[in-house]
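Colleague: structure for this input, please:
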Amino acid sequence: MHRLAPCYVIVFLLCAVASLRATEIETRRDVEFTKVAGESLHLDMWLQPGASNPAVIYVHGGGFTGGDKRHIETGFKPIFELLLPAGFSVVSVNYRVAPKHRFPAAPKDVQAAIAWLKRQSNALRIDPDRLALMGDSAGGMIVSYAGARPTPQSRVAAVVSFFGEHDFALRVSEDPCAVDGRTIPRPKGGCISGGMAAFLGFQELQTPAHQRILDEATVVHHVYRGMPQYLLLHGTRDYGVPIEQSHSLQQAMRRVGADCQLVPIVGGGHGIGGWTAPHQTHYKQRVIDWLRQTLGKPAP
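Modeller: Model prediction:
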């Protein structure tokens, strides 16, 4: 019986540390980080105690036309609930959405949020050199683009993209098209979903101007050696955004000598809410381990 006592003590101490960390987290909501043409943009923050903490900046999905930063606490909760106990500060960002605001408004808003966080890093107790972008679906595309096309003030160390569209040129040429969870014959103007059309500003690829927009929005066209490290997670049965989108980005990054890892979720669909089978849930720890390796392990 006495041999078990040290084990109980260790478990008690670990639980006590986790509980203490939870009580020390500072939450700030609806903080304005920029104003564009009179429209205020806000973010929520969960800040670790101490100083110089690594931080994860989350960008929500929503088909480019909707969504909200609060999604991190609902649909993205399986990851969010692991980040804070692991020692990462977390920021969730709102951005302008289509069709009122077309590309590149959304990634520009995310870059503005990064720049604001870097300017405020001392007050927020975060390390400006240990920032990671993380997004799902439309947010996955936005973080991939923002990471690959940074301004001098918005460079990050890492990008984690869940089932994002990284290769719009490939999507347009799909045959059949994967649209809204089903496959349809390829239309004359290419495979452009309603969300893509609202985001890019056209329903069919018809003019040179359309092609220029498509090329600029295609993340695989902007890869380079020395870009941030990327982690991609994608379901093999995703009929909203096919896994070929992540294969394309990984291959493009590897060709230029950039670091990109892809975690295929066997049988997984579009959304982490369905990744619950025993052979799928490993992705959660994989994300935490990768962030620790890439950003540096947070202080205990």
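Colleague: any idea which helix or strand comes after the helix or strand where Val143 lies?
Modeller: Using DSSP states H and E, Val143 sits within helix 138-148. Where DSSP H and E defines the elements, the next helix or strand beyond helix 138-148 is strand 158-162.
Colleague: rewinding a little: report the angle between the helix holding Val143 and strand 158-162.
Modeller: With axes from the mean of the first three to the mean of the last three CA atoms, to 10 degrees defining the directions, helix 138-148 sits at 160 degrees from strand 158-162.
Colleague: enumerate the positions of helix 138-148 that are buried.
Modeller: Residues 138-148 are the ones in helix 138-148 that count as buried (16 or more other CB atoms under 10 Å). All C-beta atoms are positioned from the backbone trio N, CA, C, and that covers glycine.
Colleague: let's have the residues you listed in JSON lines, adding distance to Gly67 and pLDDT.
Modeller: Listed next are the buried residues of helix 138-148 as JSON lines, based on distance: CB to CB, whole Å; pLDDT from 0 to 100:
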{"residue": "Ala138", "distance to Gly67": "7", "pLDDT": "98"}
{"residue": "Gly139", "distance to Gly67": "7", "pLDDT": "99"}
{"residue": "Gly140", "distance to Gly67": "12", "pLDDT": "99"}
{"residue": "Met141", "distance to Gly67": "13", "pLDDT": "98"}
{"residue": "Ile142", "distance to Gly67": "11", "pLDDT": "99"}
{"residue": "Val143", "distance to Gly67": "13", "pLDDT": "99"}
{"residue": "Ser144", "distance to Gly67": "16", "pLDDT": "99"}
{"residue": "Tyr145", "distance to Gly67": "16", "pLDDT": "99"}
{"residue": "Ala146", "distance to Gly67": "16", "pLDDT": "99"}
{"residue": "Gly147", "distance to Gly67": "19", "pLDDT": "98"}
{"residue": "Ala148", "distance to Gly67": "21", "pLDDT": "99"}
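Colleague: which residues make contact with stretch 170-177 from outside it?
Modeller: 165, 183-187, 190-192, 196, 205, 214, 220, 242, 244-245, 248 (CB atoms under 8 Å, 6 or more residues apart in numbering).
Colleague: list the contacts of Trp275.
Modeller: Contacts for Trp275 (CB under 8 Å, 6+ apart) come out as 78, 235, 265, 268, 281, 283.
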